[in-house]
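In: return atomic coordinates for the entry below.
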Amino acid sequence: MAKLELTFACGDYDRMQALLDGSVQTEGVELHGQVIAPPNEMFGRMLLHEEFDASELSLSNYLMGLSQGDDRFVAIPVFPSRQFRHSYIWINTQARIREPKDLIGRRVGIPDYSMTALLYIRGLLQHEYGVRPRDVTWVRGRPEKAKLKLPEGIRVEDAPAGETLDSLLTSGRIDAIASASVPACFAQGAPNVARLIPNAREVEAEYFRRTGIFPIMHTVVIRRCVHEANPWLAGSLFAALEASKRAAYDRIHRAHGLYSLPWLEEDLEEVSDLFGGDPYPYGVEPNRRTLEAAVSYSHEQGLSDRLLSLDELFASV
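Out: You can find the predicted model right below:
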């Protein structure tokens, strides 16, 4: 029987390498995988044009679409990208912001409002520090990938034409940036730019121990028409992605000095202790607290039209 020809797009993660190079096979599938960066391009190509049979996709955009009746995609509980977000808020040090609550009444730059990183940043600001989304003026650096119907009282402005969030922060025209990546001004050592939470690694580890939340940025979706024509595909792709992840773990644990990371062994021990051996678990149950936080934040922030249940998010695998 001929294998199913399947196009698949994802980021360049170590957890995907064995799948992409063919050392892990997807049962019943001839996989045509490609790496696309930055992820915003990949998401746009999938959301606007359904360009791939299966693809990594923004969790926030998936939740928004599903709540609004867009059922073109069905996800499997695979989460290629995760990132704690306490460390992704930067401030202008002259703005007299000493703790998260000082963001109240301030202007905060963001790439776009609907991105998953901001979903979690707004959630932790509200639930950990008492800073509600309506307490801040959000200055957006680019157009949204999806239509927004924000609650009354949420203030979102577009950055002035020809300006970047970096230039606005360093000049003091915004007070902070919240983003999914390190601003160039911080990476280049701008003297008046610093992290809001300087000991973020300690804070993030304590947050995980207390809440069980390790923010999920992206999931993997299959075009619904492909899924319905091949109901076995979700389980087959899930198994292959799990095997590919395990192959990555095996490689890094055999590294023994091959990577330019002086404390790799110690870091691996610390990560294993914190996450119980698997920092990137797939499946719904190991991620229930994180997923429940995501659907709750999406609804309370007005991104999702209704509160989604976890049962409707993923195909059975």
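
In: go ahead and name everything in contact with whatever helix or strand residue 296 lives in.
Out: When elements are assigned from DSSP states H and E, residue 296 belongs to helix 288-300. Contact partners of helix 288-300, identified using CB atoms under 8 Å, 6 or more residues apart in numbering, comprise 59-60, 63-64, 67, 116, 119-120, 122-123, 211-216, 284, 304, 306-310, 313. C-betas here are computed from N, CA, C, even on glycine.

In: residue contacts, the residue positioned nearest the centre of the chain?
Out: Central residue check for the chain by CA atoms, centre = their mean: the C-alpha nearest the mean position is that of residue 217, 1.6 Å away. Contacts for residue 217 were tallied using CB under 8 Å, 6+ apart; they are 58, 59, 79, 81, 82, 83, 116, 117, 180.

In: my guess is residue 81 meets residue 218, correct?
Out: Yes - A contact is recorded between residue 81 and residue 218 when judged using CB atoms under 8 Å, the distance being 4.2 Å.

In: neighbour count: the two, which is higher?
Out: For residue 81 versus residue 218, neighbours defined as other CB atoms under 10 Å are more numerous around residue 218 (26 against 21).

In: skipping its backbone neighbours, what lies nearest residue 232 in space?
Out: If you skip the residues right next to it in sequence, residue 232 has residue 28 as its closest partner in space, 6.7 Å away by CB to CB, 6 or more residues apart in numbering.

In: residue 5 is in contact with the one you found, correct?
Out: No - look at residue 28 against residue 5 with CB under 8 Å: they stay out of range, at 11.0 Å.

In: compare those two (neighbour count), which wins?
Out: For residue 28 versus residue 5, the count of surrounding residues by other CB under 10 Å is larger for residue 28: 16 against 10.

In: next up, the contacts around that one.
Out: Under the contact definition (CB under 8 Å, 6+ apart), the residues listed for residue 28 are 3, 4, 232, 233, 236.

In: how much space is there between residue 223 and residue 105?
Out: Using CB to CB, to the nearest Å, residue 223 is found at 44 Å from residue 105.

In: so these two - more neighbours on which side?
Out: Summary of the neighbour comparison: residue 223 and residue 105, criterion other CB under 10 Å, with residue 223 having more neighbours (19 against 10).

In: my guess is that one contacts residue 73, does it?
Out: Yes - using CB under 8 Å, residue 223 and residue 73 qualify as a contacting pair, with a distance of 6.2 Å.

In: who touches both of these two?
Out: By the contact definition CB under 8 Å, 6+ apart, residue 223 and residue 73 are jointly contacted by no residue.

In: per-domain residue ranges of this protein.
Out: Taking automatic domain parsing as the domain assignment, the record places the domains of the chain at 4-82+216-312, 89-211.

In: mean pLDDT added to the ones you listed, as TSV?
Out: Formatted as TSV, the entries for the domains of the chain read as follows, by pLDDT from 0 to 100:
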stretch	mean pLDDT
domain 4-82+216-312	96
domain 89-211	96
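
In: about what we covered before: and the residue nearest to the centre of the chain, how far from residue 317?
Out: Residue 217 is 20 Å from residue 317, where distance means CB to CB.

In: still on that earlier bit, buried subset of the contacts of residue 28 as a ChimeraX selection?
Out: Typed into ChimeraX, the next command selects the buried ones out of the contacts of residue 28 (criterion: 16 or more other CB atoms under 10 Å):
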select :4,233,236
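
In: please flag which of the contacts of residue 28 sit within helices.
Out: Counting by DSSP state H, the contacts of residue 28 place 233, 236 in helices.

In: so of the contacts of residue 28, which two are at opposite extremes in space?
Out: Put simply, by CB to CB the two of these set farthest apart are 3 and 232, 12.1 Å from each other.

In: list the contacts of residue 194.
Out: Neighbouring residues of residue 194 by CB under 8 Å, 6+ apart: 90, 91, 93, 186.

In: among those, name the ones in helices.
Out: Of those, the ones assigned to helices by DSSP H are residue 186.

In: want to throw the contacts of residue 194 into TSV with distance to residue 161 and neighbour count?
Out: Written out in TSV, the entries for the contacts of residue 194 read as follows (distance: CB to CB, whole Å; neighbours: other CB atoms under 10 Å):
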residue	distance to residue 161	neighbour count
90	23	24
91	25	24
93	27	13
186	24	17
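
In: which residue ranges form the strands in the stretch 51-200 of the chain?
Out: For the stretch 51-200 of the chain, applying DSSP state E, counting those that start in this stretch gives strands covering 54-58, 73-76, 89-92, 107-110, 137-140, 155-158, 176-178, 193-195.
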